[in-house]
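1. how does the following fold in three dimensions:
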Amino acid sequence: MVWWSICSKARFAISSMAAQRTSIVYGDSFQCSSFSVLSNPFTGFPRKFSGLNTTRFANVCDNYNQLGFISSLNGSKNCSANYRRNPILKLEGSNSAQACIQECTSHEEKNVAKTYHGRDFFEEMKQRFLSFKKHKYLKELEHFQALAQAQSPEVMVIACVDSRICPSNILGFQPGETFMIRNVANLVPPIHNGPSETNAALEFAVNTLEVEDILIIGHSDCGGIQALMTMQEGNSSNLTEKWVATAKAAKLKTKADVAHLSFEQQCRYCEKESINRSLLNLLTYPWIEDRVRKESLSLHGGYYDLFNCTFEKWTLDYRESSIDEEGGKYTIKDRSFWC
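-> Sure thing, here's the model as predicted:
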C-alpha cells in the first residue's frame, strides 16, 4: 500500500509538471505543451500569450516540495522562491522519486501497454509523429500553414483498403497533392446504386475541388476480388459480398474470357477488369461525364503488383468508350509499365 501511494504521488507530480511546461526543443527530441495548437511555431508560446501563470506554477512547485519529489532546482531546494526569481527553470526530481517513477512506469507498461509483435505500436506511432513534426512540418512550415487554410489537390485517388497498399508511400504523394478515398477492392458504384461514401467523395472532389484527374488504383492478391470471384449467385447477407457485387460485370467478363485459366490467374484478370469497369461507372455521373467530354477531367487506371513491385498505369479513352451498350464498352490508351 505504501509503494502504491508513493507511485500515485509520483504520477501526479509528472502529470502536473507536464501540464506546466512550455514547448521546448531538446536536441533531437521535440516536446509539446498544452499551447501547441495555438502556439507561435518559433517560440512555443500562444500568439496572444501574455505570460506564464507564475502564481499557479509556484503553488504547484510548493506541492512538489511537500511531497518530497524535488530535491534540487538549479541548485536550490525552494522551488517556488527560485521560480519567482527566474521563471525559466529546469525541474529535476530526486533520485528516489525517479526510481519510484521508473518502477511505476515499468509496472504499467507490463500490464497496460498494447504490444504488436513485441513492440508498443502506439509509442512507435508517437515517435513517428514527432519525427514528422520536427523533420517535415517545421521545415516546411509555410506550406503546411497554407494547407491549414485550404486544399487544392489536382488528383483524386480511389484505392483499396488493403493494409499493404499505401498509395502515399508507394507513389510518394505529399500532403495536399491528392484527395483520396479507400474502399474494399477500390470500386466505384454506378450512380443508380444510390449514395455511398465513395460517390460523396467523388462529388466533392469534382464539383468543389475541381480535380483534373481521377486515378483508380487496384492491386494483386486483392481479397475483395477473391470474394467476388467465389461468391454464389443470389441475395447475400454478407456485407462484403453485397459491396463487391458492384463489380459483377467484371466477374462475368472474366469468366467469359479466361475460364480456362487457374483461379489465381482469373483473379489477376478480374482485378484489372474491375478497375476498367469502375472507370466506366464514373461516366454514369453526369457531372463527371460532362467534364471528361470537355477534356477538363481525365480518368486513369493503375495496378500495383505486390509480388514484383511493378506498377501499370493507363488512361480511359473517352471517345472510344461507351456506357450505352449492355455492360458498356471501354478502350484504354497511354498504357505505361513502371518497373
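2. quick one: the strands in the stretch 101-250 of the chain?
-> 155-160, 178-183, 213-219 (DSSP state E, counting those that start in this stretch).
3. how close does residue 209 sit to residue 152?
-> Distance from residue 209 to residue 152, counting by CB to CB, to the nearest Å: 7 Å. No exception for glycine: its C-beta is placed from N, CA and C like everyone else's.
4. output the strands of the stretch 101-250 of the chain as JSON lines; include the columns distance to residue 293 and mean pLDDT.
-> Shown next, in JSON lines, are the strands of the stretch 101-250 of the chain (distance: least, CB to CB, whole Å; pLDDT from 0 to 100):
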{"stretch": "strand 155-160", "distance to residue 293": "18", "mean pLDDT": "98"}
{"stretch": "strand 178-183", "distance to residue 293": "22", "mean pLDDT": "98"}
{"stretch": "strand 213-219", "distance to residue 293": "14", "mean pLDDT": "98"}
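5. right, and those - which one's nearest residue 148?
-> Ranking these by their distance to residue 148 (criterion: CB to CB) puts strand 178-183 first, at 16.3 Å.
6. the closest one packs against which elements?
-> strand 155-160, helix 167-171, helix 197-203 (3 or more CB pairs under 8 Å, 6 or more residues apart in numbering; DSSP states H and E).
7. now tabulate the ones you listed in a markdown table and tack on distance to residue 336 and mean neighbour count.
-> Below are the helices and strands packed on strand 178-183 laid out as a markdown table (distance: least, CB to CB, whole Å; neighbours: other CB atoms under 10 Å):
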| stretch | distance to residue 336 | mean neighbour count |
| --- | --- | --- |
| strand 155-160 | 16 | 23 |
| helix 167-171 | 13 | 15 |
| helix 197-203 | 25 | 17 |
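8. pipe the ones you listed into CSV and attach distance to residue 258 per row.
-> Formatted as CSV, the helices and strands packed on strand 178-183 follow (distance: least, CB to CB, whole Å):
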stretch, distance to residue 258
strand 155-160, 21
helix 167-171, 27
helix 197-203, 27
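9. residue 231 is nearest to which of these?
-> Closest among the helices and strands packed on strand 178-183, once you apply CB to CB, is strand 155-160, at 17.5 Å.
10. give me the residues contacting the closest one.
-> 165, 167, 173, 177-186, 188, 198, 201-202, 205-206, 209, 211-219, 222, 224, 278 (CB atoms under 8 Å, 6 or more residues apart in numbering).
11. tell me the strands beside it, with direction?
-> The pairing partners recorded for strand 155-160 under DSSP bridges are strand 178-183 (parallel), strand 213-219 (parallel).
12. most neighbours per residue, which of the ones you listed?
-> strand 213-219 (a mean of 23; mean count of other CB atoms under 10 Å).
13. CA atoms of it as PDB?
-> Output in PDB follows, covering the C-alpha atoms of strand 213-219 (Å, rounded to 0.1, in the frame of the first residue of the first chain):
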ATOM      1  CA  ASP A 213      -7.500  13.700 -62.800                       C
ATOM      2  CA  ILE A 214      -9.100  10.600 -61.200                       C
ATOM      3  CA  LEU A 215      -6.900   7.600 -60.600                       C
ATOM      4  CA  ILE A 216      -8.300   4.200 -59.600                       C
ATOM      5  CA  ILE A 217      -5.600   2.000 -58.100                       C
ATOM      6  CA  GLY A 218      -6.000  -1.800 -57.900                       C
ATOM      7  CA  HIS A 219      -3.500  -4.400 -56.800                       C
END
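14. how about low-confidence regions in this protein?
-> 1-116, 325-326 (pLDDT under 70).
15. that one - how does it break down into domains?
-> Taking automatic domain parsing as the reference, the chain has its domains at 2-112, 153-338.
16. returning to that earlier point: for residue 336, which of the strands paired with strand 155-160 is the nearest?
-> Closest among those, once you apply CB to CB, is strand 213-219, at 12.8 Å.
17. show me what the closest one is in contact with.
-> With CB under 8 Å, 6+ apart as the contact definition, strand 213-219 has outside contacts at 154-160, 162, 164-165, 167, 185-186, 188, 202, 205-206, 271-272, 274-275, 278-279, 282, 288, 297-306, 313.
18. repeat for stretch 286-303
-> Contacts with stretch 286-303, where a contact means CB under 8 Å, 6+ apart, come from 191, 202-203, 206-207, 211-220, 271-272, 275-276, 279, 282-283, 311-316, 318, 332.
19. which one of the helices and strands packed on strand 178-183 lies nearest to residue 260?
-> Closest among the helices and strands packed on strand 178-183, using CB to CB: strand 155-160, at 27.2 Å.
20. that older thread, look at residue 209 and residue 152 and report which has more neighbours.
-> residue 209 (16 against 12; other CB atoms under 10 Å).
21. quick one: residues contacting residue 183.
-> 158, 160, 161, 197, 198, 243.
22. rerun that using 10 Å as the cut-off
-> Contacts for residue 183 (CB atoms under 10 Å, 6 or more residues apart in numbering) come out as 158, 159, 160, 161, 189, 196, 197, 198, 201, 224, 243, 246.
23. determine which two of these are furthest apart.
-> Longest span within the contacts of residue 183, CB to CB: 201 and 224, 17.8 Å.
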